[in-house]
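Chemist: have a look at this prediction, sequence included:
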Amino acid sequence: MTRAATRMSQRERSETTQGKLVAAARELFATVGYPATALGAVSEKAGVTKGALYHHYDGKPALFRAVFEAEQRELARTVKAAAEREPDPWDGFYAGCRAFFEASLEPDVQRITLLDAPSVLDWSTMREIEGRHGFALMCAGLTEAMRTGRIGQRPVEPLARMLHGALCEAAMYVARAEDQQAANDQVLRELRRLMRALADRG
């Protein structure tokens, strides 16, 4: 076996182990929450030694960060797929936002991204990760809506920052509501009104 093949094999094994650890940790974080999750339970569920876990992640916060990143990546895929099903970019923008809220109604997504993440990760870390996924998609959606004339030309980033912050806060509001479905419906109605106002050139 060549050195290159050996290195590739080692990298593949490492990626496989990381994938098992992230999947096991996600299941435990989603069901019992971050505080109650023990690293020994994660390694046991993943079928790896605790030493292997510490080889890849230096502690529970680092492992949670990997889970949070994977969750944001999956949310972004969900949003992108919903947006791309609409021929009109502004309708696609709404569809993507709606898909985000619907995904955020899932208890495991809520617990990881909305309830535990703010207490485990610092603000800058959360924003950095979200920026690579959801925020980047929002900028792309607004840019396309402007390019096609669905909304007026304006600086993209400040508008994206305002909308992204509003959507994240609204998702938190829904997650903490007594009647989450009713709160989600209210949020989507207000989002429609906001989007109509942004598209109004008058």
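Modeler: Here it is on my side, so go on.
Chemist: and stretch 145-162, how far from the chain's centre?
Modeler: 22 Å (CA atoms, centre = their mean, to the nearest Å).
Chemist: break this structure into its domains for me.
Modeler: 1-58, 67-199 (automatic domain parsing).
Chemist: quick one: the helices in the chain?
Modeler: Under the criterion DSSP state H, the chain carries helices at the ranges 3-32, 39-46, 50-56, 60-84, 89-104, 107-109, 117-120, 123-130, 136-147, 156-176, 180-199.
Chemist: now do the shortest one, average pLDDT.
Modeler: Helix 107-109 shows an average pLDDT of 93 in the prediction.
Chemist: and it, which residues are buried?
Modeler: Of the residues in helix 107-109, residue 109 count as buried by neighbour count, 16 or more other CB atoms under 10 Å. Where you see a C-beta, it was placed from the backbone N, CA and C, and this is true even at glycine.
Chemist: what lies in contact with that helix?
Modeler: 26, 30, 31, 71, 75, 103 (CB atoms under 8 Å, 6 or more residues apart in numbering).
Chemist: now do the third one
Modeler: Counting by CB under 8 Å, 6+ apart, the neighbours of helix 50-56 from elsewhere in the structure are 14, 17, 18, 21, 39, 40, 42, 43, 46, 63.
Chemist: deepest of the helices of the chain, which one?
Modeler: Each of the helices of the chain was scored by mean neighbour count; the highest is helix 89-104, a mean of 20, by mean count of other CB atoms under 10 Å.
Chemist: helices or strands up against that one?
Modeler: With contacts defined as 3 or more CB pairs under 8 Å, 6 or more residues apart in numbering; DSSP states H and E, helix 89-104 has these neighbours: helix 60-84, helix 136-147, helix 156-176, helix 180-199.
Chemist: can I get it as PDB, trimmed to CA atoms?
Modeler: Output of helix 89-104 as PDB, limited to C-alpha atoms (Å, rounded to 0.1, in the frame of the first residue of the first chain):
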ATOM      1  CA  PRO A  89     -37.100  34.000  -6.100                       C
ATOM      2  CA  TRP A  90     -39.200  36.000  -3.600                       C
ATOM      3  CA  ASP A  91     -41.700  33.200  -3.200                       C
ATOM      4  CA  GLY A  92     -38.600  31.000  -2.800                       C
ATOM      5  CA  PHE A  93     -37.300  33.200  -0.100                       C
ATOM      6  CA  TYR A  94     -40.500  32.900   1.800                       C
ATOM      7  CA  ALA A  95     -40.600  29.100   1.200                       C
ATOM      8  CA  GLY A  96     -37.100  28.800   2.600                       C
ATOM      9  CA  CYS A  97     -38.000  30.800   5.700                       C
ATOM     10  CA  ARG A  98     -41.100  28.800   6.200                       C
ATOM     11  CA  ALA A  99     -39.100  25.500   5.900                       C
ATOM     12  CA  PHE A 100     -36.700  26.900   8.600                       C
ATOM     13  CA  PHE A 101     -39.500  27.500  11.000                       C
ATOM     14  CA  GLU A 102     -41.200  24.200  10.300                       C
ATOM     15  CA  ALA A 103     -37.900  22.400  10.900                       C
ATOM     16  CA  SER A 104     -37.400  24.400  14.100                       C
END
